[in-house]
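Chemist: coords please:
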Amino acid sequence: MPARLRRSLALRLLAVAAVWLAAALGASGWLLSTLFERHVNNTYVRQLDHQLAGLAAALDWSADGKLVLTRTPADPRYELPYSGTYWQARAPGALLRSRSLWDTEMPVTVERRLAGAQADVRPGPGNQSLLVVSRQLVLPSADTPVEISVALDRTELRAARRSFNRTLAWSLTALGLGLMLAVAAQVKFGLAPLARLRRALGTMQARREARLGGNWPTEVEPLVAEINALLARNTQALERSRRQAADLAHAVKTPLAVLANEAAALPGAPAHAVAAQVEAMRRQVDRHLARARAAGAAAARGQRIDAGAPVRELTRALARLHAERALALTVEGAGHFAGDRQDLVEILGNLLDNACQWARTRVRVTLQEADGELEILVEDDGPGMPPEAQALATARFGRLDEAAAGSGLGLAIVTEIAAMYDGSLALASSPLGGLAARLRLPAGLP
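Modeler: Next up is the predicted model:
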């Protein structure tokens, strides 16, 4: 069985229906053809019986004991040689036959007997196939039995059957195509809830909803219930993982703080070395804690927030933080974010803090929402970043020389958090002269 046929319910149903219809219509065609042939044969046998009865009424014995025909049969074909219509009367010492037999006699070889009729098929003159009805009768004028046979060429019968079979084949083919179209419509109608379920799942994902709603057929309701149960279990599992990661991170932070204090009491170079290692461990803990929290938040559904509000809050806070430099932070446009607000704050906090660290006089943030996607462009007029550094900054576990204080995540973590939302971060050169960070995140459906 082809792989595509095994995977497709519709194709499997159509294939089964096609096989069943082909078998049913084939058997019906054979049965109808057989019944038609039997009906035609019986019709012609009855006609031959009538002709035989008329011929028997016209036969008689003469005074000198000869078998004679008292009147000529009405059918003119009996007078035409090899016309396909024949009769013959045979008795001991007597033989009468139609002129159409010419110089031959009624054949005695029987090819087959017709079921349900006192008739048989015999080879005739000129390769004809004859339908023959024979009766042995005793005429009223004598006790001598006379065998009377009448025959008819089966050419007309076979032509009628071929015509019927041809018409029957076209009719059954048209019926089969019509039934297949009906089955296809039935399959499409019957499987429509599955297509609706697929669209509903896509809409649920786009809206980041927590469960699948709607009215469903009885056969689909158990599947919908299982999907909702699976979503609930996944949400609970992610929430437990987030709590465990947070507990682990907080449990590690206290010993790290103690180590940092102990390192500060050490003299000279050892103190700096230990402090550097402790700081590296702290950054790793903060990094993985943020990733664990963001992974759980990215899986949380049913949230759609206004992205402009946290962006403006961050720009106001950073403007105050860099008040001595008189940076101009502007926000243009609007949009929505389908996710956790704190994740957006952490991502934008890192990007904006990085832009403010390197900007000379200006930082510009542009928000744009289209086709269910939110695009946030953060630009500065600083010195910018070489292309090779841009690739390193967005790479997994990448490091930048310009990493500064802020959220402590780094641009690689921003990339990972955005990827958890099926988003992306791309760096390029800005028309302002510095770096342009283009962040794409899901906006969800209204």
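
Chemist: which stretches of the stretch 151-300 of the chain aren't confidently modelled?
Modeler: Applying pLDDT under 70 to the stretch 151-300 of the chain flags the ranges 206-209, 242, 246-247, 249-250, 253-254, 258, 260, 262-275, 280, 283-300.

Chemist: where do the helices sit along it?
Modeler: Assigned helices in the stretch 151-300 of the chain, in chain order: 155-207, 221-264, 268-299 (criterion: DSSP state H, counting those that start in this stretch).

Chemist: relative orientation of the longest one and helix 221-264 in degrees?
Modeler: For helix 155-207 against helix 221-264, the angle by axes from the mean of the first three to the mean of the last three Cα atoms, to 10 degrees is 30 degrees.

Chemist: now stretch 41-59, how far from the chain's geometric center?
Modeler: Taking Cα atoms, centre = their mean, to the nearest Å, the mean C-alpha location of stretch 41-59 is offset from the chain mean by 64 Å.

Chemist: Mind listing what's buried along that stretch?
Modeler: In terms of neighbour count (16 or more other Cβ atoms under 10 Å), stretch 41-59 has its buried residues at 41, 44-45, 48-49, 51-52, 55-56, 59. Backbone N, C-alpha and C define where each C-beta goes, glycine included.

Chemist: so which of these would you say is closest to Ala426?
Modeler: Of all these, Ala426 sits closest to Asn41, with 84.9 Å by Cβ to Cβ.

Chemist: now the residue nearest to Ala307 when sequence neighbours are not counted: how far from Leu35?
Modeler: If the residues on either side of it in the chain are set aside, Ala307 comes closest to Phe337, at 4.4 Å by Cβ to Cβ, 6 or more residues apart in numbering. As judged by Cβ to Cβ, to the nearest Å, Phe337 and Leu35 stand 74 Å apart.

Chemist: what about the two, which has more around it?
Modeler: Using other Cβ atoms under 10 Å, the more surrounded residue of Phe337 and Leu35 is Phe337, with 29 against 10.

Chemist: can you tell me how far that one sits from Glu313?
Modeler: Distance, Phe337 to Glu313, by Cβ to Cβ: 14 Å.

Chemist: so how far is Met106 from Asn234?
Modeler: Separation of Asn234 from Met106 (Cβ to Cβ): 91 Å.

Chemist: the more surrounded of these two?
Modeler: Met106 (24 against 11).

Chemist: Under a three-state scheme, what state does the more buried one occupy?
Modeler: coil (DSSP: H, G, I helix; E, B strand; the rest coil).

Chemist: That one contacts Ile148, correct?
Modeler: No. Contact criterion Cβ atoms under 8 Å: Met106 and Ile148 do not qualify, at 9.9 Å.

Chemist: any shared contact partners between those two?
Modeler: In terms of Cβ atoms under 8 Å, 6 or more residues apart in numbering, Met106 and Ile148 are both contacted by the residues Gln88.

Chemist: So Ser141 belongs to a helix, correct?
Modeler: No. Going by three-state DSSP, the assignment for Ser141 is coil, not a helix.

Chemist: secondary structure class for Gln342?
Modeler: Gln342 is classified as helix under three-state DSSP.

Chemist: what's the pLDDT at it?
Modeler: Listed pLDDT for Gln342 reads 80.

Chemist: How much space separates it from Ala182?
Modeler: According to Cβ to Cβ, Gln342 stands 56 Å off from Ala182.

Chemist: and what of Arg77?
Modeler: From Arg77 to Ala182 the distance is 50 Å (Cβ to Cβ).

Chemist: circling back to that earlier point, who has more neighbours, Gln342 and Ala182?
Modeler: Neighbour count, other Cβ under 10 Å: between Gln342 and Ala182, Gln342 has more, with 14 against 11.

Chemist: Can you check what angle separates the helix or strand where Leu32 lies from helix 155-207?
Modeler: Using DSSP states H and E, Leu32 maps to helix 9-58. Helix 9-58 and helix 155-207 meet at an angle of 160 degrees, taking the same axes, to 10 degrees as the criterion.

Chemist: After helix 9-58, which helix or strand is next? Please name it.
Modeler: Counting by DSSP H and E, what follows helix 9-58 is strand 59-61.

Chemist: In the sheet, which strands lie alongside that next one, parallel or antiparallel?
Modeler: Applying DSSP bridges, strand 59-61 is found paired with strand 67-69 (antiparallel).

Chemist: Tell me which residues of the helix or strand where Leu352 lies come out buried.
Modeler: According to DSSP H and E, Leu352 maps onto helix 341-358. Using 16+ other Cβ under 10 Å as the test for burial, helix 341-358 gives 343-344, 346-358.

Chemist: And it, what does it pack against?
Modeler: Judged by 3 or more Cβ pairs under 8 Å, 6 or more residues apart in numbering; DSSP states H and E, helix 341-358 is in contact with helix 268-299, helix 308-321, strand 362-370, strand 373-380, helix 411-420, strand 435-442.

Chemist: Return the alpha-carbon coordinates of that helix using CSV.
Modeler: Coordinates of each C-alpha in helix 341-358 appear next as CSV, following Å, rounded to 0.1, in the frame of the first residue of the first chain:
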residue,chain,number,x,y,z
ARG,A,341,4.6,40.9,29.9
GLN,A,342,7.7,40.3,32.0
ASP,A,343,9.4,38.4,29.2
LEU,A,344,8.8,41.4,26.9
VAL,A,345,10.2,43.8,29.6
GLU,A,346,13.3,41.6,30.0
ILE,A,347,13.9,41.4,26.2
LEU,A,348,13.4,45.1,25.6
GLY,A,349,15.2,46.1,28.7
ASN,A,350,18.3,44.3,27.5
LEU,A,351,18.0,45.8,23.9
LEU,A,352,17.2,49.3,25.1
ASP,A,353,19.9,49.3,27.8
ASN,A,354,22.4,48.1,25.2
ALA,A,355,21.3,50.8,22.8
CYS,A,356,21.6,53.5,25.6
GLN,A,357,25.0,52.3,26.6
TRP,A,358,26.4,52.9,23.1
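
Chemist: still on that earlier bit, let me see the mean pLDDT of the helix holding Leu32.
Modeler: Mean predicted lDDT for helix 9-58 stands at 90.

Chemist: centre of the chain versus it, how much separation?
Modeler: On Cα atoms, centre = their mean, the centre of helix 9-58 falls 40 Å from that of its chain.
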